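Engineer: Pasted the sequence and its predicted model underneath.
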Amino acid sequence: MAEKNIYDAAVNQTAKDAYFTASQGQLIWTRFKKQKAAMVGAWVLVILILSGIFAPFLTPYDPTIAGRDKDYLNGAPTVPQFCDDNGCSLRPFIYALERERSAKTNFRWVTTVNTDKRQYVQFFVEGSEYKYFGIPFDTHLFGIEDGYIHLFGTDSTGKDIFSRTFHAINTSLAVGTIGVFIAFVLALIIGGISGFYGGWVDSFIQMVTDAVRTIPAIPLFMALAAFIPATWSAEERFFFISIILGFIGWPTLARRVRTHLLTERNQEYVLAAQLCGASSGHVIRKHLLPSFTSYIIVDLVISFPYMVLSETALSFIGLGLKDPVNSLGVMLQNVTSADVLLNYQWYFIPVIFFIVLVMAFVFVGDGLRDAADPYGDTKK
């Protein structure tokens with residue numbers, strides 16, 4: 001019994017030593033792992049991000065006009081199966097689709113399902129070409145030898161919704177990343193200068209910050225959309241939207257940086273660095289900003305869903321990205337018509353991915369915010 005007590009005491013002492021000697025990052029990670037919702041959100045977020053990055057490989061077709069199925073417009077999802085009335089198979093298969101003229105439709109072209117003809121799903125098949133780091137590839141995770149497979153169905157132009165959804169995740173995350181990066185750099189520079197110098201510099205910068213915060217996003221984009229040349233390519237519009245989102249998204253983080261620096265600039269370690277001859281930029285960059293790195297990281301993560309929501313909202317109302325760019329906002333434009341609501345419910349599948357993506361960011365952001373709070377354990 002005494003040996004067990006000694007062993008438990010040693011374990012507890014080791015845990016205490018590890019806690020008091022752990023870095024800030026290790027403490028945040030330890031608190032973060034205790035939150036189940038945040039961990040689930042983190043895993044979901046990792047899966048979605050990887051799915052977006054490797055979308056060209058994971059999806060069977062080009063999501064643009066070049067990859068459309070002209071014989072299957074507004075087609076329902078084709079779900080692979082292993083058994084039917086003709087028996088079972090170890091390989092998943094779908095039924096062949098055939099187009100023919102029917103007297104019931106005044107001899108118009110109609111698409112019918114031939115349940116007697118199986119098309120087996122194959123893996124690591126060759127298809128449309130794509131590039132990673134400038135290296136061309138043409139291998140896709142799955143496909144069928146003759147015809148098309150549409151796990152999420154097709155839209156009104158015959159484009160595969162499954163392929164479009166995964167590419168849209170990548171596009172929306174890319175827009176959010178560029179926007180957050182621009183806003184992050186501007187916030188650190190502007191907030192750092194404002195909080196470090198104070199005085200009339202702080203008053204002037206805060207006046208500019210308040211002016212930027214009061215700019216309404218929708219009217220701004222409506223005005224900018226009127227001046228965007230019609231000759232701009234999809235890539236040019238993509239970067240333009242990303243830059244504008246970044247330029248109007250920095251004030252909130254800048255305010256937080258400024259508030260922290262106002263309280264930290266009179267600390268002894270700052271005075272010591274100044275007495276050693278360190279420049280103002282060096283003090284801000286090397287001493288003040290690292291003192292609340294965890295909070296900056298939390299703000300970055302929390303900013304992502306707002307950037308994604310902004311891009312989605314702007315594209316949804318026609319002021320953001322447009323076809324042939326695939327983004328979640330562009331795809332959500334297709335679910336507003338009454339015909340889709342009544343007859344083509346598979347158009348709502350990208351909406352599910354959009355909700356899951358935003359919720360994953362929210363759970364991870366909330367988890368990081370709680371984990372970065374040094375007094376979080378004492379509040380419970």
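Structural biologist: Nice, I can see it. Residues are numbered from 1 along each chain as shown.
Engineer: Would you mark the buried spots in stretch 230-242?
Structural biologist: Going by neighbour count (16 or more other CB atoms under 10 Å), the buried part of stretch 230-242 is 237, 238, 241, 242. All C-beta atoms are positioned from the backbone trio N, CA, C, and that covers glycine.
Engineer: Count the residues that sit near the residue nearest to the last one when sequence neighbours are not counted.
Structural biologist: Closest residue to residue 242 apart from its sequence neighbours, by CB to CB, 6 or more residues apart in numbering: residue 178 at 3.8 Å. The local packing count at residue 178 equals 18, with neighbours defined by other CB atoms under 10 Å.
Engineer: ok, residue 178 to residue 286 distance?
Structural biologist: 27 Å (CB to CB, to the nearest Å).
Engineer: now do residue 357
Structural biologist: For residue 357, the distance to residue 286 - CB to CB - is 36 Å.
Engineer: What of residue 323?
Structural biologist: Residue 323 is 47 Å from residue 286, by CB to CB.
Engineer: any low-confidence regions in the stretch 151-300 of the chain?
Structural biologist: 233-235 (pLDDT under 70).
Engineer: now the helices: where do they sit in it?
Structural biologist: Per DSSP state H, counting those that start in this stretch, the stretch 151-300 of the chain carries helices over the ranges 161-197, 199-213, 217-227, 234-247, 251-264, 268-275, 280-283, 293-316.
Engineer: Tell me which of the ones you listed sits nearest to residue 371.
Structural biologist: Nearest to residue 371, of all these, is helix 293-316, at 8.2 Å by CB to CB.
Engineer: helices or strands up against the closest one?
Structural biologist: The helices and strands touching helix 293-316, judged by 3 or more CB pairs under 8 Å, 6 or more residues apart in numbering; DSSP states H and E, are helix 24-33, helix 161-197, helix 217-227, helix 234-247, helix 251-264, helix 328-332, helix 349-372.
Engineer: buried set for the second one?
Structural biologist: By that I understand helix 161-197. Quick answer for helix 161-197 (16+ other CB under 10 Å): 161-176, 178-180, 182-184, 186-188, 190-196.
Engineer: what do you get for stretch 325-344?
Structural biologist: 325-335, 340, 344.
Engineer: Which single one of these is nearest to residue 129?
Structural biologist: Checking those against residue 129 by CB to CB gives residue 326 as the nearest, at 17.2 Å.
Engineer: quick one, what contacts residue 195?
Structural biologist: 202, 257, 258, 259, 260, 261, 262, 265, 288 (CB atoms under 8 Å, 6 or more residues apart in numbering).
Engineer: Chain neighbours aside, what residue packs nearest to residue 273?
Structural biologist: Residue 273's closest residue in space is residue 283 (CB to CB, 6+ apart), at 5.1 Å.
Engineer: What of residue 48?
Structural biologist: residue 357 (5.5 Å).
Engineer: How about residue 334?
Structural biologist: Excluding the flanking residues, the one nearest residue 334 by CB to CB, 6+ apart is residue 347, at 5.3 Å.
Engineer: For residue 38, which non-adjacent residue is closest in space?
Structural biologist: Distances taken as CB to CB, 6+ apart place residue 367 nearest to residue 38, at 2.4 Å, with adjacent residues excluded.
Engineer: Would you mind giving the domain segments of this structure?
Structural biologist: 78-149, 165-379 (automatic domain parsing).
Engineer: about what we covered before: now the residue nearest to residue 273: how far from residue 63?
Structural biologist: Residue 283 sits 49 Å away from residue 63, going by CB to CB.
Engineer: on that earlier part again, quick one: the residue nearest to residue 48 from residue 148, how far?
Structural biologist: Separation of residue 357 from residue 148 (CB to CB): 26 Å.
Engineer: and if you look at residue 274?
Structural biologist: In terms of CB to CB, residue 274 sits 68 Å off from residue 148.
Engineer: higher neighbour count, the two?
Structural biologist: residue 148 (21 against 15).
Engineer: Kindly confirm my reading that the more buried one is in a strand.
Structural biologist: No: with DSSP: H, G, I helix; E, B strand; the rest coil as the criterion, residue 148 is assigned coil and is not in a strand.
Engineer: which non-adjacent residue is nearest it?
Structural biologist: With CB to CB, 6+ apart, the residue lying closest to residue 148 is residue 69, at 4.6 Å.
Engineer: number of nearby residues for that neighbour?
Structural biologist: Counted by other CB under 10 Å, the residues lying close to residue 69 total 19.
Engineer: next one: residue 66
Structural biologist: Per other CB under 10 Å, the neighbour tally for residue 66 reads 10.
Engineer: One more: residue 137?
Structural biologist: 14.
Engineer: same thing with residue 306?
Structural biologist: Counted by other CB under 10 Å, the residues lying close to residue 306 total 19.
Engineer: what sits against the closest residue to it other than its chain neighbours?
Structural biologist: Spatial nearest neighbour of residue 306, excluding adjacent residues (CB to CB, 6+ apart): residue 249 at 7.3 Å. Contacts for residue 249 (CB under 8 Å, 6+ apart) come out as 179, 180, 182, 183, 303, 306, 307, 310.
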